[in-house]
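Peer 1: missing the sequence, but the structure's below:
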């Protein structure tokens, strides 16, 4: 059962982590519109492989920290503050996500799979993100750092990342062809980060 719980947390956390419009998902969308869905999914698969590696490294570090409650408590407080700031940003400051895909993004002419891997390596945010997520859910008893469960999270993180990039590929292609995708995703992101912030603050208050 814990394997399924870890998988669900890994998959959903990966989905949330890739929702904000950024270089990776916007690149996947642009590649889809220029070179087709197959090239975009190869790119997404490369990104997913790198995310799996980053997640594994982050979870090993988080497992070490999990044995030091005083450090974990500090990280939770810092993480809650960061997620609160992110919530405020996406609700009140971020530009409308319904803007056009930027045309100035440059793309490699080499294999899209390896391009996705290399581009994902430039994004180091998954490392602290997965440390925070795993430690927070572990403190509630919902996450396990045992080896089978850890690997299920790693695989889920890759699948969740690929799934969200695939959603970008499909939605932006539909947007180009049918003028869809009129929802400002910043509000969705803000709501999700608000939920994580509230959960973390509840845990902090319970420890006082």
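Peer 2: Received the coordinates, thanks. These numbers come from a predicted model, not from an experiment. Numbers count the residues shown, from 1 in each chain.
Peer 1: what's the lengthiest helix in the chain packed up against?
Peer 2: If you go by DSSP state H, the chain has its longest helix at helix 147-178. If you count contacts as 3 or more Cβ pairs under 8 Å, 6 or more residues apart in numbering; DSSP states H and E, helix 147-178 packs onto helix 2-18, helix 23-35, helix 37-65, helix 126-139. Just so you know, the C-beta spots here come from the backbone N, C-alpha and C atoms, and that holds for glycine as well.
Peer 1: so who does the closest residue to residue 166 other than its chain neighbours touch?
Peer 2: Spatial nearest neighbour of residue 166, chain neighbours left out: residue 44 (6.1 Å); criterion: Cβ to Cβ, 6 or more residues apart in numbering. Applying Cβ atoms under 8 Å, 6 or more residues apart in numbering, we find residue 44 in contact with 28, 116, 161, 162, 165, 166, 169.
Peer 1: residue 82 versus residue 44, what's the distance?
Peer 2: 27 Å (Cβ to Cβ, to the nearest Å).
Peer 1: just the pLDDT for residue 151.
Peer 2: Confidence at residue 151, expressed as pLDDT, is 94.
Peer 1: number of residues surrounding it?
Peer 2: Residues lying near residue 151 (other Cβ atoms under 10 Å) number 17.
Peer 1: which residues touch the closest residue to residue 52 other than its chain neighbours?
Peer 2: Nearest in space to residue 52, with sequence neighbours left out and distances taken as Cβ to Cβ, 6+ apart, is residue 158 at 4.0 Å. Shown in contact with residue 158 (Cβ under 8 Å, 6+ apart): 14, 48, 49, 51, 52, 55.
Peer 1: ok, the fifth one touching residue 157?
Peer 2: Put plainly, it is residue 52. Yes - between residue 52 and residue 157 there is a contact under Cβ atoms under 8 Å: 6.1 Å.
Peer 1: going on from the helix or strand hosting residue 77, what's the next piece of helix or strand?
Peer 2: With elements taken from DSSP states H and E, the one containing residue 77 is helix 69-88. Downstream of helix 69-88, the next assigned helix or strand under DSSP H and E is helix 112-121.
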